[in-house]
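>>> Below are the sequence and a predicted model; questions follow.
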Amino acid sequence: MENILSWLIWMPVIGIGIIAFIPRDKNDLIKIIAAVTTGLQFLLTLVLWQNYDAGNGGMQFMERATWIPSFNITYILGVDGLSLPMVILTALLCFIGIFVSWNINKAVKGYFALFLLLDTGIIGVFLSMDFFLFYIFWEVMLLPMYFLIGMWGGPQREYAAIKFFLYTLFGSVLMLIGILGLYFSCGNTFDIQVLMEVAPDALRGLTWWGMSAIKVIWVLLFVGFAIKVPVFPFHTWLPLAHVEAPTAISVLLAGILLKLGVYGILRINYGLMPDGVYWFSGALAALGLINVIWGGLCALAQTDLKKLVAYSSVNHMGYTLIGMAAIIAAGEANGLNLKAAQAGLGGAVFQMFNHGTISAMLFILVGVIYDRAHHRDIEGFGGLAAQMPIYTGITAVAFFAGLGLPGFSGFISEAMCFIGAFPVYKGIVIASTLGILLNAAYFLWAFQRIFFGELNEKYKDLPEINRLELFTVVPLLLITLFFGIYPAPFLNLISSTMDVIINHVVSLATFASM
Amino acid sequence: MTNLQSLSYYYPELILSGVILGAIIYDLLIDKSKSGNVGWFLIAGLMAVAGAICLQDDTVTTLFTNSIVLDPFASFFKLLVVLATILVSVVSLQSGELSEYRKGEYFTLLGIIVFGLFLMVSTVDLIMVYLSIEIVSIMSFVLAGYLKQNTRSNEAGLKYVVYGAFSSGIMLFGLSYIYGLTGSTNYFEIQHAIANLDTSANTALIMATIMMLVGFGYKVSAVPFHFWTPDVYEGAPTTITAFLSIAPKAGAFAMMIRFFNQVLADGGAMGGLDTSSIAILPWANILSLLAVITMTLGNVVALQQNNIKRMLAYSSIAHAGYMLLAMPVMSGDSIYAIMIYLVMYLFMNLGAFFVVIAVKNKTGGETFDDYKGLGWEMPMIGVAMTIFMVSLTGLPPTAGFIGKFYIFASLIKGGGQFYWLVLIGGINSVVSLYYYLRVVKVMFLEGERSETILQPPTIMAVMILATAIPTVILGIYWTPVADWVQNSLTFFIQTL
């Protein structure tokens, strides 16, 4: 168990090292190495889960090593109930992603090396408890992503890749300014745990450009994270990148990279600037509402199935934002409604996880049909139910999960977000139920157009979903169903950390000081 | 210290002079086909010089009756210049452009530039400022036009002369103003005199400093004194372009820091420009404006280039802007940041030019079209160039990020009046991503994928690795550099 977190982060790098020495024509060997590496990493996350003490909401398995003492930069890792589910999800989706990419035949060596580098970056962000380290990992993800979209993507891949890169870099630069501001106003440290103690007091009364430093730094960091989520109006890179990326990369983008933004807001913005939470939560809920409605309307208008799924991410992340905003229910001004805050925050984190599994599943299924028909035009199919019954069945279940039908995990998390936010933001919650309607509309309408009606003559020889593809989808489907019926294991895992976060925000915030 | 006593502290420069003279004589004795040996002779000599500089470690004193100083700050820059020159010299021996020419004079002139730069980084006297700039400039003019048969190279040499003469003339005029106001050419005496100057002289002093800035700005290629840069960089032999993009820039920054810190700030106490006894003069604003214009123009114009050398020329203008950003703060931290940035910049920028040389040796071209599919054909060069481009953009985990990080950190620490500079600097980095990544895009995403893999010649490959590996390593672990810079942050200070 010693250094288990470091092993988790650096294991893919070992895999890259091995792949580097394999001759580039040995494609299968490279794929097997990548699969073994991510498989071991996934097993290690399960070991971590087994040994994790869910009763303790604080940081566990802490690792600490000096790095650059002259600037107080330290290598600090830790895991808690907020990051653990994300780490498990990352490892799972990376493992599945290797099999989704099994048909990649162009520059295989480069693809899998970059894939593993991306894996390291993502896990690194979730486990870093030093802000500098966090930032390094945050940026390490960009270049592999640029190449993975730009080299193995669809027709507009180059434009999509550079747009993704420029958007995210813009966000990270703002974040860097915020990080430096925090460093110098909070006693020259990057240690997130220390900052969580010091920052709430140290920032009070400081001004930047004549405004409250808390507000300025909050916005700098928030924009950095919001671009990743993506929060309206920073979402325009998303449909493009998701559509142009190869299937496995879309899975990682939607499944995990979007969660990094929410994770950052919860870890950094909530942890370091509790005052800002009160100041911003109304806006957060409103942005969530816009995401829900806007994403839903855009999804409804799409004719490209992959784009529809991409916009459904915008829609689904909106629920998370609304759930997160509910944390203020636990404050004095809102009648110390701890239950609502717990439901909202827990729902938000659960929704992150569920969207990770559900959207991954949807992207894989879109990839399956694209590999066969070589297009994704929703109008261009029709009647596939007769031709591909198993595929139709699985897609039906995945779409139902996506639209939040009771019995699937998405329903529970969305309901929790609403329940939590209702006491504080009644109007927003009521308005956002319209989003659920849209959500159901775009999924069902798309389903109807693809699978029902006359079978398109062109597709009467379309082969059924194969075993490899089933292997990538079915585990995700089972997870969705399991947590839909019995969410307690997940909620128990995160609940004590959620309490710690709520308590931290509520006890340290002095709303009046804003 | 008197002239004779000074000589015993001056042995690195004396060795260097010996090497330069030796190179001239050696070149006369050998056949043209072996003129490359002069290069190896210079490299060996420079290594001896570097060793001699290291021996001086923390001696702090003035030499030659207060005209130059010896302090760790100067030694730092001397080592930086020597390192850059050694790397460039090795690559010069491999360059296809230079292969038809006799190389003896080339390396001799390079040695003389190094000598001039040594003076530049240690001078505390206005006369010596002018002399050292001229030594460096005149040798650079010749080297820029070294390719006699190439009209672009001739153009580069001539343009460089014209701009150089113009800006050094203006600078000299500014120096005479300062002498007229203070009655001295020595920094320490000038600082003392300015502190007691009547406020009615402020306008003259601002004028004089702006004229000085013309000279400094020309050397670091700051906008609006940058017009020579793209043409000279494009026309000069690429090795010389690489050299000009780092060594004289480092020298000019050292000189500028010393001048502003000793003369116009608080007598070298590194407390920042604001604590200056002459704070009423808007130095910080002038420098901020210069920095912002420099990096913005460099980046925006670089976006439209089709020639990689020219693109790198504008990029070097932008990087001068990033370093200038830290000048207005003029605190210990900001000087420290500029020094770190220069170390990081040395590796990434030289590396980028080395790749350009390697590609030109192979394909004979230097436009974006010549780089199509290069990443597949020569993977080593493609990967190395990607590292350099990412580093020049300033993305972690590369050296370029660390440089920018320290610059931004010193600005944030400097106080609220500098925050907007960080914001503009950050947005500029985002803009620069577009053109740096264009190189990567062309190399990997465009062109035919070749099945055969080519390797560059061994020495070229070693030199590219020698710059690429530090570019990555220093992005992850830079404590040795940080310590070195910290130890070098000692100026000779004299308050009268």
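Looks like it arrived, so ask away.
>>> quick one, what contacts the residue of chain A most remote from its centre?
The C-alpha centroid of chain A is most remote from residue A:457, which lies 39.2 Å away (Cα atoms, centre = their mean). Residues near residue A:457 by Cβ atoms under 8 Å, 6 or more residues apart in numbering or on different chains: none. C-betas here are computed from N, CA, C, even on glycine.
>>> Residue of chain A closest to chain B, please.
Minimum separation of chain A from chain B (Cβ to the nearest Cβ) falls at residue A:173, amounting to 3.6 Å.
>>> surely that residue meets residue B:430?
Yes. Under the criterion of Cβ atoms under 8 Å, residue A:173 makes contact with residue B:430 at 5.9 Å.
>>> For the two, indicate the residue with more neighbours.
Each of residue A:173 and residue B:430 has its neighbours counted (other Cβ atoms under 10 Å in any protein chain shown); residue A:173 has more, 25 against 21.
>>> which SSE is the more buried one in?
Taking DSSP states H and E as the criterion, residue A:173 maps to helix A:157-185.
>>> Which other helices and strands does that helix contact?
For helix A:157-185, the packing partners by 3 or more Cβ pairs under 8 Å, 6 or more residues apart in numbering or on different chains; DSSP states H and E come out as helix A:131-140, helix A:142-152, helix A:192-202, helix A:213-228, helix A:237-244, helix B:399-414, helix B:419-445.
>>> Same list (those) but as JSON lines, adding distance to residue B:132 and mean pLDDT.
What follows is those, written out as JSON lines (distance: least, Cβ to Cβ, whole Å; pLDDT from 0 to 100):
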{"stretch": "helix A:131-140", "distance to residue B:132": "39", "mean pLDDT": "93"}
{"stretch": "helix A:142-152", "distance to residue B:132": "41", "mean pLDDT": "91"}
{"stretch": "helix A:192-202", "distance to residue B:132": "47", "mean pLDDT": "88"}
{"stretch": "helix A:213-228", "distance to residue B:132": "43", "mean pLDDT": "91"}
{"stretch": "helix A:237-244", "distance to residue B:132": "50", "mean pLDDT": "89"}
{"stretch": "helix B:399-414", "distance to residue B:132": "26", "mean pLDDT": "92"}
{"stretch": "helix B:419-445", "distance to residue B:132": "30", "mean pLDDT": "91"}
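>>> mind listing what the residue of chain A closest to chain B touches?
Per Cβ under 8 Å, 6+ apart, neighbours of residue A:173: B:426, B:427, B:429, B:430.
>>> Between helix B:419-445 and the helix holding residue A:173, find me the angle.
150 degrees (axes from the mean of the first three to the mean of the last three Cα atoms, to 10 degrees).
>>> Show the average pLDDT along helix A:157-185.
Mean pLDDT, helix A:157-185: 91.
>>> mind listing what's buried in that helix?
Within helix A:157-185, the residues that qualify as buried are A:157-158, A:160-183, A:185, counting by 16 or more other Cβ atoms under 10 Å in any protein chain shown.
>>> Just the element for the closest residue to residue B:122 other than its chain neighbours, please.
Once flanking residues are discounted, residue B:122 sits nearest to residue B:74: 4.0 Å by Cβ to Cβ, 6 or more residues apart in numbering or on different chains. Assessed by DSSP H and E, residue B:74 sits inside helix B:72-92.
>>> so after that helix, what's the next helix or strand?
Sequence-wise, the next helix or strand downstream of helix B:72-92 (DSSP H and E) is helix B:104-122.
>>> so where do the strands sit in chain B?
Along chain B, the stretches classed as strands by DSSP state E are B:61-63, B:68-70.
>>> about what we covered before: identify each buried residue in the helix holding residue B:74, please.
So, applying 16+ other Cβ under 10 Å, buried residues of helix B:72-92: B:72-92.
>>> can you list the weak-confidence ranges in chain B?
By pLDDT under 70, the low-scoring segments of chain B are B:266-281, B:495-496.
>>> center of it, which residue is that?
In chain B, the centroid-proximal residue (Cα atoms, centre = their mean) is residue B:249; its distance is 2.3 Å.
>>> Excluding chain neighbours, give the residue nearest to that one in space.
Leaving aside its chain neighbours, residue B:249 sits nearest to residue B:220 (5.2 Å; criterion: Cβ to Cβ, 6+ apart).
>>> Residue B:478 versus the residue of chain A closest to chain B, what's the distance?
20 Å (Cβ to Cβ, to the nearest Å).
>>> Report the contact partners of the residue nearest to residue B:122.
Contacts of residue B:74 (Cβ under 8 Å, 6+ apart): B:118, B:121, B:122, B:254.
>>> Please verify my assumption that the first one contacts residue B:81.
By that I understand residue B:118. Yes. Counting by Cβ under 8 Å, residue B:118 does reach residue B:81; the two are 7.3 Å apart.
>>> what's around residue B:385, how many residues?
So residue B:385, with other Cβ under 10 Å, has 29 neighbours.
>>> wait, doesn't it sit right on residue B:357?
No. Contact criterion Cβ under 8 Å: residue B:385 and residue B:357 do not qualify, at 11.8 Å.
>>> just to revisit the earlier point, need the contacts of residue B:74 in JSON lines (columns: neighbour count).
Below are the contacts of residue B:74 laid out as JSON lines (neighbours: other Cβ atoms under 10 Å in any protein chain shown):
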{"residue": "B:118", "neighbour count": "26"}
{"residue": "B:121", "neighbour count": "27"}
{"residue": "B:122", "neighbour count": "27"}
{"residue": "B:254", "neighbour count": "26"}
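>>> and which of those residues is nearest residue A:313?
If you rank the contacts of residue B:74 by distance to residue A:313 using Cβ to Cβ, residue B:254 comes first, at 52.2 Å.
>>> Please report the distance of the closest one from residue B:232.
Distance, residue B:254 to residue B:232, by Cβ to Cβ: 21 Å.
>>> next one: residue B:174
23 Å.
>>> Ok, residue A:70 next?
Applying Cβ to Cβ, the value for residue A:70 to residue B:232 is 38 Å.
>>> More neighbours: which of those two?
residue B:232 (27 against 12).
>>> can you pull the contacts of the more buried one?
Taking Cβ under 8 Å, 6+ apart, we find residue B:232 in contact with B:144, B:156, B:159, B:160, B:241, B:244, B:313.
>>> The first one contacts residue B:152, doesn't it?
No. Applying Cβ under 8 Å, one finds residue B:144 not in contact with residue B:152, separated by 10.3 Å.
>>> out of those two, which sits in the more crowded spot?
Neighbour totals were compared for residue B:144 and residue B:152, and residue B:144 leads with 28 against 13 (other Cβ under 10 Å).
>>> for chain B, what are the nearby residues on the stretch 101-250 of chain A?
A:107, A:135-136, A:139-140, A:142-143, A:146-147, A:150-151, A:157-158, A:162, A:165-166, A:169-170, A:173-174, A:176-177, A:180-181, A:183-184, A:207-209 (Cβ under 8 Å from any Cβ of the partner chain).
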